[in-house]
Every structure is written in C-alpha cells, then in structure tokens.
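*Asks:* can't give you the sequence, but here's the structure:
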C-alpha cells in the first residue's frame, strides 16, 4: 500500500509539510505559478537550513521537479500559497521502492482520490486513470502500468502510472513512469501524451523491461500518432524514448487512428506487434514483426490480422493476443485476439464501445478464426490487456466506458478484478483470478437473502454467490443504490444487468442473450458491479456513478428456483 502524509500546516499564506525521510530519499513534486508574473517555489529544509528547492514559472500547467535528500531525518517542505500551487508531492527510496512503494506527501483538492474504505479494486493514488498498459510479470512481481493524468480526476495530457503486486489484489504504487513530451507538458489542453502500449522482458542478459507506447500530438502532420519505445533497467524509471514506427502503412486508406502497440513473442520465436487502427469501413488490427532479439528496431509491416466492420466505422484499439490452451509454438494451440471498438454501437441493445474476443489459430502471420464472442456483456471492462502468467493467461481492464465520461462529473476511476482466460467447452471464459477468494473475510449471510429478506450490505464491498437448481432458473436480485435503479435478472431472455440512471434518455440493455447460468458470483464495490456466471462463461461489468456503495439486496424467485444464496464481506 502507498502511505499518505498529514495535510499541510497553514500559517498565514505559508504552508508547510513535514516528513521524516531516510537518507537518499527522492522527492517528486509538481507545482505551478499562481500568476505568470511570479514564479512558484517550494523549499526543502532540515534543521532550519534550506537543502533544496523546487521552482516553476508556468501558470498554465504543473511542472515536475526532483530533489534527492542526502541526509535522513525530519524534512520540512514550505511554499507560499499565494504564489505557488501544488498538485502532487511524493517521496520514495530508490533502494526499496519496489518493496515499499511511494509515500504521498500531498495531493490537491482537484486530484485527491475518493474515500473508498474497504474497496478492493485497484485505484491510482491521485488523479485520473484509464487503460491498463504493460500488464505483465517481470521478476517475481506483477506490474501494472496505466494511462494517467496526475493533476485532476478528469482525462487530460497522458502519463503512465505504475504499480506492482504479488497477488493481483494488493498493490504498491510506484513513481510516475512515462511523462508526456516537453511540448505537451506546457498546457493542460489534452492534446496528447504517452498513450497506451505494452511491456516485454528484455532479451538475454539485458536487465529490466522494454515498453512500447503511442505518442499522440493532436494536429501534428503527417501523423498524429506514432509508436515509441523506452527501456527501464530498474523497473522504476524509463530511459529516453526512441521512434519505432514513424507512420501508418501506406495504401490502406487508414484514418489517423494508429495506436496501442501490443508486443509479444510469436509462435516462430520472433517479436510481433499489434497496432489498432481503422479504415473507411471499420476497425482493423495491424500486424508487425521484427527479427531483432531486443525488439528495438527493424519492425516490418506484415498485414491486417483482423477486421471488424459490423458496428460502423469504429476504431479497433487496445488489441492483445494470448495463447489459451497450449504453448505458443504448438500449432494446435488456440489464441484469443481481444480488442475494443471505440464508438461502436450494438443496434440490438444500444450498448456502446464493445470489446470482442476472437478465438482461433495463429501461425505468426495469419489468424484463422474458429469462433468469437463478446468479452463482457456489461461493456464496462474496456481496454482489456492480458499476458501469460505461470498458471495461464491473466487480463485486466478499465472499469469504465467512454460513454460515461462527462466534463461535469468526477470519475471513481478503477480497474476490474483481474481475470483468467480459459478455453472450456468451446467458449472463452474469464473468471476472476483465484486469489479473489482470499478477499472473503466473513460469511455474513447464508439464509436471509435466500428466504427473500432484504439484506443490508454494510460498506457494500461484498460477494454474493447464487446457485441455481437448473440452468437458467429465473430470479431477480434487486439492489438499493443511492443514484441508480439496479438489479440482476435471469429469465428466458438470458442474463441481464438491470440499470436505469435518471439521465432523461433510454438506457442500453446490458444482456447476455440466451445465457442459462447455473452459478453466479456477483462482486459489489464502491462504483461497480461485476458478474461471473458459470466460471466466467458470461461476464458482465458495470460502472456505477457516484462515490457511494450499494446499500442492500433482495432476492425474488419462485419457490425452488434458487438452490442457495450466500453473501461474504470482502476486504483486502
């Protein structure tokens, strides 16, 4: 976990932060001038003596600064609130940051995370978050990078945040990993930044990882989006970025969409790269490869790996591909190709921004589809990214959907529960990782919900397990939420999340049509509901508005339609 310091002490216009820091501690701070005429400044002092200072002249966007504290002890950070505005200040020790994480000394009113006592979903320590990036196990720990804007709870110029975990559930926050270019960092105008990408282990004896990402600069010509790479020897700091793909492949009638490089080792032992794009018919996934063992250069375009044009001229983005049921170099192995469809709309249900999973065989150049399915019928598991862990593929997604983004609403940003990917009975299943059962702290009910009583859910961090005596036996599960009408239903039409927000418009239908589940695991948390039916055969995720939890639940079913209903209190 990342620790947070006490709020600053105010004496007149002077604010001070006190922190007991070890020798060699590194402080990262973002500050900006309150007015363009007067520079911003924050000093660091020890025993009344100034040992360093941060300064910034920009009054439009926060500037980043770094200070190394040579001697350990009580350090006082001081700034004049009339001339200086702070966004984020955190400290860490280079020697043990992977074990201890960062210590947040300050975050401002605009970027402070929502209070989420008991919440078990991943959230950033400050600011905005969207797509997961570079998800993988490097060394003994799982690393999660993510799209990040540190200075508010709304999307803006993109950075990469970073966290690590031993079990996919308990996360330690690390320093901001990738920064936007100097040009993009001068204004908070959302013109681009370090967009989504992936990470791989470096080859041979080379230490660390290599990351790949899209740099976007709006209105840049001829390419708004290009692909860059950077190396991290210590898994914490990134070296300078180098250009990998300078332009879209010619002759394909592609739009400016050209992003989200996903790099992986193919069946032939060569590094492959997927890039999302669109043409004037629909979304396309582009395939590249290189013979360079370090994947640093020599990338060659091979062709369009997959096309999806059933939902309009939508961009395929955040593509990933993993082997499901065997080794990557075994021609019998089936692979799952997963991608989001930005701006897509399902005409049957009105759901937007769908994520599709296509399963088939991949020989390093061609993908032969066997079947496809929607990854999540709730649609709020977007930008899914997966890697092959020790026990098989594991993925995670942004627990949101771009249709919910509003300039008027702060966002309870989170990631989904991490999910395994399994091929069973001709379907792709995405159950939660096994460690999710360790969240169960107490069985708080095994008969009242089953009996039709209204059951209070406490802080709302719960798991409900419902067993049905026959596949598809009908029931309704009603929830009391302070902002929306919410429920879960199994009937002859399938499995549905019943969701109706008072927005003055007809809501989408969140339904897995024709689903006939036998067992359902329902995870509730502040800002979310996740359903895993029949070991993830049907998975549905829905973001809930606001910063409050579901207060109670009531099960409605004919006698004999439910075999058992149990409810656990969850906590990290």
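*Replies:* Arrived safely, thanks for sending. The shown structure was predicted, so the numbers you read here are calculated from the model rather than taken from an experiment. Residues are numbered from 1 along each chain as shown.

*Asks:* per-residue confidence for residue 2?
*Replies:* According to the model's per-residue confidence, residue 2 sits at a pLDDT of 54.

*Asks:* likewise residue 501?
*Replies:* 73.

*Asks:* Now for it, how many residues are close by?
*Replies:* 15 (other C-beta atoms under 10 Å). Where C-beta positions appear, they are placed from N, C-alpha and C, glycine not excepted.

*Asks:* Strand partners (parallel or antiparallel) of the helix or strand hosting residue 569?
*Replies:* Per DSSP states H and E: residue 569 is located in strand 564-570. Each strand that pairs with strand 564-570, with its direction, by DSSP bridges: strand 440-445 (antiparallel), strand 462-467 (antiparallel).

*Asks:* Okay, helices next: where are they in this structure?
*Replies:* 97-100 (DSSP state H).

*Asks:* Any stretches of it with poor pLDDT?
*Replies:* Low-confidence segments of the chain, defined by pLDDT under 70, are located at 1-12, 406-412, 502-505.

*Asks:* domain assignment for it?
*Replies:* 3-92, 434-570 (automatic domain parsing).

*Asks:* Tell me the gap between the last one and the middle of its chain.
*Replies:* Centroid separation between domain 434-570 and its chain, computed with C-alpha atoms, centre = their mean, to the nearest Å, is 23 Å.

*Asks:* That one: end-to-end distance?
*Replies:* Start to finish, the residues bounding domain 434-570 are 14 Å apart (C-alpha to C-alpha, to the nearest Å).

*Asks:* what's the answer for stretch 54-64, then?
*Replies:* Here the two ends of stretch 54-64 are set 9 Å apart, with distance taken as C-alpha to C-alpha.

*Asks:* What of stretch 245-265?
*Replies:* Stretch 245-265 has an end-to-end distance of 18 Å (C-alpha to C-alpha).

*Asks:* buried residues in that stretch?
*Replies:* Within stretch 245-265, the residues that count as buried by 16 or more other C-beta atoms under 10 Å are 245, 248-249, 254, 256-265.

*Asks:* Over to stretch 59-67?
*Replies:* Using 16+ other C-beta under 10 Å as the test for burial, stretch 59-67 gives 61, 62, 63, 64, 65, 67.

*Asks:* Next, format the residues you listed as a markdown table and append distance to residue 446.
*Replies:* Putting those into a markdown table (distance: C-beta to C-beta, whole Å) gives the following:
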| residue | distance to residue 446 |
| --- | --- |
| 61 | 54 |
| 62 | 51 |
| 63 | 56 |
| 64 | 52 |
| 65 | 55 |
| 67 | 55 |
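
*Asks:* Show me which of those residues is closest to residue 434.
*Replies:* The shortest distance between residue 434 and any of the buried residues of stretch 59-67, using C-beta to C-beta, involves residue 64 and amounts to 39.0 Å.

*Asks:* check contacts around that closest one.
*Replies:* Residues in contact with residue 64 (C-beta atoms under 8 Å, 6 or more residues apart in numbering) are 28, 29, 30, 179, 185.

*Asks:* Would you mind measuring from the residue lying closest to residue 139 once chain neighbours are set aside to residue 292?
*Replies:* The spatial neighbour of residue 139 that comes closest, neighbours along the chain excluded (C-beta to C-beta, 6 or more residues apart in numbering), is residue 235 at 6.9 Å. Going from residue 235 to residue 292 by C-beta to C-beta, to the nearest Å gives 22 Å.

*Asks:* Who has more neighbours out of those two?
*Replies:* When residue 235 is set against residue 292 and neighbours are counted by other C-beta under 10 Å, the residue ahead is residue 235, at 20 against 13.

*Asks:* contacting residues for the more buried one?
*Replies:* Applying C-beta under 8 Å, 6+ apart, one finds that residue 235 lies in contact with 98, 138, 139, 143, 208, 209.

*Asks:* among those, which are in strands?
*Replies:* Secondary structure defined by DSSP state E assigns 138, 143, 209 of these to strands.

*Asks:* which residues sit in contact with the last one?
*Replies:* The reference is to residue 209. The contact partners of residue 209, taken as C-beta under 8 Å, 6+ apart, are 134, 138, 143, 199, 200, 201, 202, 231, 232, 235.

*Asks:* could you flag which of those are buried?
*Replies:* The neighbour-count criterion (16+ other C-beta under 10 Å) marks 134, 138, 143, 199, 200, 202, 231, 232, 235 among those as buried.

*Asks:* picking up where we left off before, now the residue nearest to residue 139: how far from residue 140?
*Replies:* As defined by C-beta to C-beta, residue 235 lies at a distance of 11 Å from residue 140.

*Asks:* do residue 236 as well
*Replies:* With distances taken as C-beta to C-beta, residue 236 is found 15 Å from residue 140.

*Asks:* now do residue 448
*Replies:* Look at residue 448 and residue 140: by C-beta to C-beta, they are 43 Å apart.

*Asks:* higher neighbour count, these two?
*Replies:* The neighbour comparison of residue 448 against residue 140 (other C-beta under 10 Å) goes to residue 448, with 17 against 8.

*Asks:* pretty sure the more buried one contacts residue 464?
*Replies:* No: taking C-beta atoms under 8 Å as the definition, residue 448 is not a contact partner of residue 464, at 11.9 Å.

*Asks:* List the buried residues of stretch 275-284.
*Replies:* 275, 276, 277, 278, 279, 282, 283, 284.

*Asks:* Stretch 542-559 too?
*Replies:* Within stretch 542-559, the residues that count as buried by 16+ other C-beta under 10 Å are 542, 543, 544, 545, 549, 550, 552, 553, 554, 555, 557.

*Asks:* Span of that stretch from start to end?
*Replies:* When the termini of stretch 542-559 are compared using C-alpha to C-alpha, they are 29 Å apart.

*Asks:* same thing with stretch 285-298?
*Replies:* Its start and end residues considered, stretch 285-298 measures 20 Å (C-alpha to C-alpha).

*Asks:* got it, and stretch 33-43?
*Replies:* End-to-end span of stretch 33-43 (C-alpha to C-alpha): 14 Å.

*Asks:* ok, residue 339 touching residue 317?
*Replies:* Yes: Residue 339 sits in contact with residue 317 when judged by C-beta under 8 Å, with a separation of 6.7 Å.

*Asks:* Which of the two has more residues huddled nearby?
*Replies:* More neighbours surround residue 339 than the other of residue 339 and residue 317, with 30 against 26 (other C-beta under 10 Å).

*Asks:* hmm, who's touching stretch 322-335?
*Replies:* Surrounding stretch 322-335, the residues in contact under the criterion C-beta under 8 Å, 6+ apart are 264-269, 321, 336, 359-363, 367, 370, 386-388, 392-393, 395, 421-423, 428.

*Asks:* go again using 6 Å as the cut-off
*Replies:* Residues outside stretch 322-335 that contact it (C-beta atoms under 6 Å, 6 or more residues apart in numbering) are 267, 321, 336, 359, 362, 386, 388, 393, 423.

*Asks:* Quick one: residues contacting the first one.
*Replies:* Counting by C-beta under 6 Å, 6+ apart, residue 267 touches 328, 329, 363, 364.

*Asks:* ok, back up a step: which members of the contacts of residue 209 occur in strands, if any?
*Replies:* Applying DSSP E to those, the entries found in strands are 134, 138, 143, 199, 200, 201, 231, 232.

*Asks:* Run through the bridge partners of the fifth one.
*Replies:* Which is residue 200. residue 210.

*Asks:* ok so, going back, how about the buried residues of stretch 245-265 in a markdown table, adding distance to residue 45?
*Replies:* Converted to a markdown table, the buried residues of stretch 245-265 look like this (distance: C-beta to C-beta, whole Å):
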| residue | distance to residue 45 |
| --- | --- |
| 245 | 48 |
| 248 | 52 |
| 249 | 56 |
| 254 | 55 |
| 256 | 49 |
| 257 | 50 |
| 258 | 49 |
| 259 | 45 |
| 260 | 45 |
| 261 | 45 |
| 262 | 47 |
| 263 | 46 |
| 264 | 49 |
| 265 | 51 |
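
*Asks:* got the buried residues for stretch 194-212?
*Replies:* Using 16+ other C-beta under 10 Å, the residues of stretch 194-212 that count as buried are 194-200, 202, 208-212.
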